[in-house]
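K.L.:
Just to be clear, the model below is a prediction. Sequence and coordinates:
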Amino acid sequence: MKPKRRRLYYVLAGMATLGVAAALVLTAFQDNLVFFNSPTDVYERNIQPDTRFRLGGLVVEDSIRRQSDGLTTVFEVTDLIRTVQVSYTGILPSLFREGQGVVTDGSLDARGVFIASQVLAKHDETYLPREVVESLKKSGKWQGQGSGEANAQ
Amino acid sequence: MIPEIGYFALVLALVIAVAQGTIPLIGVQRGIDSWAAVARPAAVIQFVLVTIAFLALLQAFVVSDFSVMNVVANSHTNKPMLYKISGTWGSHEGSLVMWVLILSAFGAAVAVFGNNLPPALRTRVLAIQGLIAVGFLSFSVFLSNPFERVVPAPLDGRGLNPLLQDPGLAFHPPFLYLGYVGFSIAFSFAIAALIEGRVDPAWARWVRPWTLASWGFLTVGIALGSWWAYYELGWGGWWFWDPVENASFMPWLAGTALLHSSIVVEKRDTLKTWTILLAILTFSLSLLGTFIVRSGVLNSVHAFASDPARGIFILGFLVLVVGGSLTLFAIRAPALKGGGLFAPISREGALVLNNLLLISALATVLLGTLYPLFLDALTGEKVTVGPPFFNRTFVPLMVPLIAMMAVGPMLAWKRADLAGAMSRLKVAIAAVLIVVLATFYLSGNGPVLPLLGMALGAWLVVGALTELSGRLKLFRATARDSWNRAKNLPRSAYGTAMAHGGVGIVILGMTASLSWETEKLQVMRPGDSVDVGGYEFVFEGARNVPGPNYTALRGTFRVLRGGREITVMEPETRTYSVPPMQTTEAAIKPVRLADLYAVVGDPDGNGGYATRLYHKPLLNWLWIGALIMVAGAFVSLTDRRHRVGAPARRRRRAGAAAPAPAPAPQDA
C-alpha cells in the first residue's frame, strides 16, 4: 500500500469514528440535557409534566411535612416570588433545612407537584448553591453576604 | 520562622526553574556545553528546594501552626494526625506545592537516572520540565502562597471539610497527581523531540515506562476516588459522570491511547507524529483537569474558595502550553518521517483503531463536560449533562473497543490473519456463549444490555487468558517446555494480559452490580427485619457514639442468611462540629459474589430510622479488576527492556516471570 493511500485510509477511518461519535452526541443531547429552573421559570416557561429538570431555591419556612410512610417528605421551594411544592421519597441530605438553599432533580407530575428523584444539599452551612444565588439575583431578592458572594462567582 | 524558610525555598526554586528552563535550552541550541550542563544540577537543586518547602508546610500542619492562614483554613487541633498530614495537600495552596514537588522529583529522576539518554535530548527534556515548573511555581509564589501568615493568629482552625477526612481520600490526590504530573515527562520528551526533529524507537523506549507508570498511578487515583464516592456519599453509586470525575478520566483515556501508540513507535518506528500529538494532548488534559477542579468554575468538594485571578492564571497557562506546543507541532511535525508500512488487519491496524475509538470517546466526554460551562458563559442558561448522556455516547463507542481488545494482541505485526486469530479464540467464544446463556437463565427475560456487558467482560477475561496460554503453549507442549516459556516470556506480555483481563473483570462487576442490584428504602424500628437479595437484615437499633472530632449516630444490623447470622453491620451518620457538617459512613460487607451495603438516616421521631439497604452483585470486582489493571502496568514496567542499563539488571533470577494474578512483589 502506498503511503498516500494509507493516509487516506487513516483519515477515512478517523472521520467515520468521529462521525459516529458526533451522531451519538447529537441524539443524546436532544433529550439528556437537564436544565436548571427557578420556581419563577417553572411558571413562565410553562414546563410540561414528566420533563426532567433541576429546580433550585430556598426551602420555605414551616413547609416541611413528613408523610405517614415516614420516608416521603413534602416541602416548598421558593425564589421569594413564586413557590413550587416538592415531594421526595428517601433519606434527605443532612444539611437539608428550612430556610436553606437546595437543588432538586426530577420532574413535575400532573398536579404541578415537583417529584424529586434527588435532593442535593451537600455542603456547609454558609453555602448556597450557585444556581440558587443567581436565580435570587434575577428575582431581585438577593441579599448578598460575603461568603455567598464568593461562592456565586 | 519555618514557614518563612519554606516560602524562601519556593522562591529560590522558582529562580532555579527559570534558569533550568532557559540557559540549557540556549546552550544546547548554540552548542555551548557549559550552558547545557546547567540542566542536571538545576533539576536536582530544584527538587531539593521544593522538598524543603513541602516539609515546611507539612510541619506547619502537623504542629497546627495557626499563624499560617492555610493551616487555619484547613486544619483543627482535634483532627486526627492522618488528616492533619493529608490537610497539607487537601487545600488549594498545598495541593499546588505537592504538584510541583512531584514535578521536580520526576525531573530530578530524569537528571540522575538518564545516563543512557542522548545528552541533547536529556538537556532539552529537563529544560521543558523547568519551564513547566516556572508556570506552577510562579502561580504558587505570586497568587497562592501556602505560607501566608495571619495576624493575630486565631486560637483554632476552621477544620478540613469532613468529606475529605477519610483514608481513601487522603491518598487520592497524591496518586492522581503522580499520574497527571507523570504525563509531563511524556510531554517534555515530545516537545524535545519536536525541537530536535527526530523521533526514533529509542525515544519511545524512554517515553513508555513513564507513560506506563503515570497511567498506573492515575488508575489508582481514579479507583480510590470512586471507592470513596461509593462508601462515603451513601448513595451506593461509584461513578456519577461528575465534571470533576471526568476531569481525571479524560487524561486517563488520552494516556491509554498514548500507551498503545507508543508501542507502535517503539516496535515499528511508525505513527510518530500521532504519538507526539497524543503526548501533548494527554498533558494538556491533565492541566485542563487541574483548571476545572481548582479554579472554582465548578462547585464540588474539590473547589475551594475561588479567586478569579487564579482561574485566569491557570487558563492563561493552559492556553500558553496548548497553543505553544501545538504551534511547534504544526511547524515541526511534517519533518518527522513515517516508518514501516502495514496492512489494515495487523497489530498496528488494531492499535490505530484502538486510538481512534479512545479519542472519539474522549471527545464525547470532553464535550459533555465543557458544554454546560460554555452554555453558561454564552447564554447564562444552566444545564447539567448527566449520566444518560454519557451512557448513550461513551458506552456505544466502548463496545467495539472492548470487543477488539481480546483480538488485537493476537494479531501479528505488519500483516495478520484475522481468521486464525478468531480460531484461537474458540475458547473465548464458547465462554461468551456459556455466560450469555447462564445470565439469560438466571435473570430471565431481562433487557439485552446486561447480556452484552456480561458477554464483553467474559470475552475479554478469557481472551486475555487464551493469549497468554497460547504464548506458553499450555496443554500443547510438555509442562517443562511451558515452564521454560513462562520464564522467558517478557513481563510486558504478562502485563498486557493482566491489564486487559482486569478491564474485563471491571466490566463484569459494573454490569452485574448495575443490572441486578436490590435496593430497599424503609423506616425501621428496633426488631424490624427486611429481606434484601436473599439476605435478612434485622435492625437492632441506633445509638449515639462519640468520635475524635464528631459524634456519630450508629445503627446496628444483624445480617442473616438461611436463619444463620453471618455478620453485623454498623453504618454511621457523623456530625462534625468544625466545620458543622454531617457525613454518611455506609457499612459495606463483601459476601459471596456480592456487596451488602447499609446506610442509616434520620430518626422519624417515633422510634424508627430511615434506612437504605442494598445487595450489589459482583460490585467488589470493580476494585479487584482495577487492582489487577494497576498490577499489570507495574509488571510491564519491570520488563527487562525498560531496565536495560539500569543498575537492577543483575537481579534477574529464575522463576522471575511466574504468572502472578495478584500484585507481585517486584523481585519475586
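P.N.:
Perfect, thanks for sending it.
K.L.:
residues from the stretch 301-450 of chain B in reach of chain A?
P.N.:
When proximity is defined as CB under 8 Å from any CB of the partner chain, the stretch 301-450 of chain B approaches chain A at B:301, B:305-306, B:308, B:338, B:341, B:343-344, B:352-353, B:356-357, B:360-361, B:363-364, B:367-368, B:381-386, B:388-389, B:392-393, B:396-397. Where C-beta positions appear, they are placed from N, C-alpha and C, glycine not excepted.
K.L.:
For residue B:464, give its distance to chain A.
P.N.:
Distance check for residue B:464 against chain A: by CB to the nearest CB, to the nearest Å, it reads 24 Å.
K.L.:
Now do the same contact list for the residue nearest to the spatial centre of chain A.
P.N.:
The structure's chain A has its C-alpha centroid closest to residue A:54; by CA atoms, centre = their mean the separation is 2.4 Å. Under the criterion of CB atoms under 8 Å, 6 or more residues apart in numbering or on different chains, the neighbours of residue A:54 are A:34-37, A:103-105, A:131, B:382, B:384.
K.L.:
switch the cut-off to 6 Å
P.N.:
Taking CB atoms under 6 Å, 6 or more residues apart in numbering or on different chains as the criterion, residue A:54 is in contact with A:34, A:36, A:103, A:105.
K.L.:
All the strands of chain A, residue numbers only.
P.N.:
With DSSP state E as the criterion, chain A has strands at A:33-37, A:53-59, A:65-66, A:72-78, A:83-89, A:101-108, A:114-120.
K.L.:
among those, which is the most enclosed?
P.N.:
Scoring these by mean neighbour count under mean count of other CB atoms under 10 Å in any protein chain shown gives strand A:53-59 as the most buried, with a mean of 24.
K.L.:
what's the spacing between that one and its chain's center?
P.N.:
Its chain's average C-alpha position is 7 Å from that of strand A:53-59, according to CA atoms, centre = their mean, to the nearest Å.
K.L.:
what do you get for stretch B:402-420?
P.N.:
Here the centre of stretch B:402-420 is set off from its chain's centre by 28 Å, with CA atoms, centre = their mean.
K.L.:
Check which residues of that stretch are buried.
P.N.:
Residues of stretch B:402-420 classed as buried: B:402, B:405-411, B:416 (neighbour count, 16 or more other CB atoms under 10 Å in any protein chain shown).
K.L.:
From these, which shows the smallest pLDDT?
P.N.:
By predicted confidence, the buried residues of stretch B:402-420 are weakest at residue B:416, whose pLDDT stands at 82.
K.L.:
From chain A, how far out is that residue?
P.N.:
Residue B:416 sits 14 Å away from chain A, going by CB to the nearest CB.
K.L.:
doesn't residue B:346 make contact with that residue?
P.N.:
Yes: judged on CB atoms under 6 Å, residue B:416 makes contact with residue B:346 at a distance of 4.7 Å.
K.L.:
Against residue B:175, how distant is the residue nearest the centre of chain B?
P.N.:
The C-alpha lying nearest the average C-alpha coordinate of chain B belongs to residue B:218 (CA atoms, centre = their mean; 2.3 Å). Summarising the geometry, the distance separating residue B:218 from residue B:175, computed by CB to CB, to the nearest Å, is 7 Å.
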